[in-house]
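J.: Just need the structure, nothing else, for what follows:
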Amino acid sequence: MTEPSIEPSPATPQPAPPTGAALLRVLVGGEASQMSYRDFLDTLGVAVYTTDADGRITFYNEAAAAFWGRRPEEGELWCGSWRLFWPDGRPMRHDECPMAAALQEDREVRGVETVAERPDGSRVSFVPYPSPLHDAFGRVIGAVNVLVDVTERTRIEESLRATAASLQASADALRDSNAVKDEFLGLVSHELRTPVTTIFGNARLLNDRGDRLDDAARRSMVDDIAADSDRLLAIIENLLLLTRLGAGMHIDLEPQILDHIVARTVDSFRRRHPTRSVILQQTRGHIVVDADRTALELVLENLLGNADKYSPDSTDIEVALSVHAGESRLRVADRGIGIDPIEADQVFEPFYRGEEARSTANGVGIGLAVCRRVIEIQGGRIWVDARPGGGTEVTVAMPIAADDD
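T.: This next block holds a predicted model:
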């Protein structure tokens, strides 16, 4: 007996994934509840929107429209933002936004901060929470995204980072300041100890055994006392003036005959340094500048002292006074160790001394710093150059005083 053949039953048809309005019905649970669900999302106060499987926007609530600053057309791709940026400011394409990644890779995207720019140019930082949606068969039918505004949090974090950086900078500056203070105290202690020791030692010898010393020995000791006293006085005057300038010292300017000040200062230096040749050159008669006489004398004393300290005793120091383009020009030149062009501006910083300067002579490194501050506060300029043929030349430029007549 032939058994009846069994016809295979037709396969159960698979439903096509819903799109557009159909997807919205799936998401909201049917047409009957569509309006109430929209009302619920609109009153939620959090930006929410949905897309279909291709990333086309199918729905967004009022909070999303306010967040974007615009109302995207239905079917717009990926995100309703006008423009997108990465947190570091680089532009972000819409097809590489977190919503696109969630759909293309079928995964939830978390922990990605993004910046959106509105049509009015304002920007908002936000963290998106895109999640793919699946049908009963596990196929991606769309995605839902919640946008959380973190602009204020980001602003506070940036403010905290800036505050932390400022505190760190203050701590670094304090540490550097303490290091400079320690270095300064060490330099000053050394520089003051040397002349004080010489003065004290020679004075004691002259007091205790002066009657037993010959004239040459006594004269030499007195010369040493005078020279180191002069050096000690210069250090103290520079330190005091540097301190006063740092505290906002005001200098009263009066008309001064510059050539008279230069001549008197050079003569005083020659008397205190009889073995040093100082050549004074002037190209015209009286030069009048608005300045402080004592301050100008101190500047020239510093320049002459540096030239004497850093050049051989057998060489000349040249002091030249001239007028150029409405300015007086005072130039002090020597045939000493010279200046590296790289250091030409650094030498005017307090306590800076180049390697060759440190190996040639003692010093604190404040003379040129005082000179620059004193000259600039009087409206002038000062600079240093390597001298052709070897040595250094420092030039001070001061405006010529206006002729009242």
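J.: any weak-confidence spans in this protein?
T.: Within the chain, the segments meeting pLDDT under 70 span 1-44, 174, 176-194, 231, 234-235, 238-239, 241-250, 284, 363-364, 403-405.
J.: Kindly recompute the last result at 50.
T.: 1-33, 404-405 (pLDDT under 50).
J.: Can you give me the distance of the residue nearest the centre of it to Arg175?
T.: Residue closest to the mean C-alpha point of the chain, counted by CA atoms, centre = their mean, is Ala169 at 10.6 Å. Per CB to CB, to the nearest Å, Ala169 is found 11 Å from Arg175. Where C-beta positions appear, they are placed from N, C-alpha and C, glycine not excepted.
J.: just Asp135 next, same as before
T.: 64 Å.
J.: next one: Thr283
T.: For Thr283 relative to Arg175 (CB to CB), the value is 51 Å.
J.: Tell me where the stretch 151-300 of the chain has helices.
T.: 151-209, 215-246, 258-272, 293-309 (DSSP state H, counting those that start in this stretch).
J.: how about the residue nearest to Asp230 when sequence neighbours are not counted, what does it touch?
T.: Using CB to CB, 6 or more residues apart in numbering and skipping the chain neighbours, the partner closest in space to Asp230 is Arg272 (5.8 Å). The contact partners of Arg272, by CB atoms under 8 Å, 6 or more residues apart in numbering, come to Ala226, Ala227, Asp230.
J.: Quick one: these as JSON lines, columns for distance to Val394 and neighbour count too.
T.: Shown next, in JSON lines, are these (distance: CB to CB, whole Å; neighbours: other CB atoms under 10 Å):
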{"residue": "Ala226", "distance to Val394": "26", "neighbour count": "13"}
{"residue": "Ala227", "distance to Val394": "22", "neighbour count": "15"}
{"residue": "Asp230", "distance to Val394": "20", "neighbour count": "15"}
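J.: rewinding a little: so for Asp135 and Arg175, which sits in the more crowded spot?
T.: For Asp135 versus Arg175, the count of surrounding residues by other CB atoms under 10 Å is larger for Asp135: 17 against 10.
J.: Which one of the contacts of Arg272 is nearest to Val319?
T.: Asp230 (18.4 Å; CB to CB).
J.: Go ahead and confirm Pro397 touches Gly379.
T.: Not quite, residue 397 is Ala, not Pro. No - contact criterion CB atoms under 8 Å: Ala397 and Gly379 do not qualify, at 9.8 Å.
J.: Which one's more surrounded, these two?
T.: Ala397 (18 against 13).
J.: so what's the more buried one bridging to?
T.: In this entry, Ala397 is beta-bridged to Arg329, Arg381, by DSSP bridges.
J.: what number of residues lie near Tyr352?
T.: 15.
J.: how about it, secondary structure?
T.: coil (DSSP: H, G, I helix; E, B strand; the rest coil).
J.: how about it, phi and psi?
T.: phi -80, psi 130 (degrees, to the nearest 10).
J.: where's it relative to Val299, distance?
T.: 18 Å.
J.: which other helices and strands contact the helix or strand that contains Val374?
T.: Val374 is located in helix 367-377, with elements delineated by DSSP states H and E. Applying 3 or more CB pairs under 8 Å, 6 or more residues apart in numbering; DSSP states H and E, one finds that helix 367-377 contacts helix 215-246, helix 293-309, strand 381-386, strand 392-399.
J.: Rebuild these as TSV, extending it with distance to Leu205.
T.: TSV is the format used below for the helices and strands packed on helix 367-377 (distance: least, CB to CB, whole Å):
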stretch	distance to Leu205
helix 215-246	6
helix 293-309	26
strand 381-386	40
strand 392-399	37
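J.: Of all those, which one is nearest Ala65?
T.: Short answer: helix 215-246, nearest of the helices and strands packed on helix 367-377 by CB to CB, at 59.6 Å.
J.: tally of neighbours for Glu105?
T.: Glu105: 10 neighbours (other CB under 10 Å).
J.: I meant Arg93, not that one.
T.: So Arg93, with other CB under 10 Å, has 9 neighbours.
J.: check contacts around the closest residue to it other than its chain neighbours.
T.: Counting by CB to CB, 6+ apart, Arg93 lies nearest to Leu84, which is 7.6 Å off, once chain neighbours are set aside. For Leu84, the contacting residues are Pro91, Met92, Arg93, His94, Cys97, Thr114, Val115, Ala116, Glu117, by CB under 8 Å, 6+ apart.
J.: Double-check that Leu84 belongs to a helix.
T.: No - counting by three-state DSSP, Leu84 is not found in a helix; it is strand.
J.: Any idea what it is bridged to?
T.: Under the criterion used (DSSP bridges), Leu84 bridges to Met92, Ala116.
J.: Return the distance of it relative to Asp228.
T.: 74 Å.
J.: and if you look at Gln104?
T.: For Gln104, the distance to Asp228 - CB to CB - is 84 Å.
J.: the more surrounded of the two?
T.: Per other CB under 10 Å, whichever of Gln104 and Asp228 has more neighbours is Asp228, with 19 against 13.
J.: Name the single longest strand found in this structure.
T.: strand 140-149 (DSSP state E).
J.: Can you list the strands that that strand pairs with?
T.: strand 47-52 (antiparallel), strand 123-128 (antiparallel), strand 131-134 (antiparallel).
J.: related to what we said a few turns ago, could I get the helix holding Val374 in PDB with only the CA atoms?
T.: Provided in PDB are the C-alpha atoms of helix 367-377 (Å, rounded to 0.1, in the frame of the first residue of the first chain):
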ATOM      1  CA  GLY A 367      75.200  96.300  37.500                       C
ATOM      2  CA  LEU A 368      73.800  96.100  33.900                       C
ATOM      3  CA  ALA A 369      70.300  95.200  35.200                       C
ATOM      4  CA  VAL A 370      70.300  98.500  37.300                       C
ATOM      5  CA  CYS A 371      71.600 100.400  34.200                       C
ATOM      6  CA  ARG A 372      68.800  99.200  32.000                       C
ATOM      7  CA  ARG A 373      66.100 100.000  34.500                       C
ATOM      8  CA  VAL A 374      67.500 103.400  35.300                       C
ATOM      9  CA  ILE A 375      67.900 104.400  31.700                       C
ATOM     10  CA  GLU A 376      64.500 103.000  30.600                       C
ATOM     11  CA  ILE A 377      62.700 104.800  33.400                       C
END
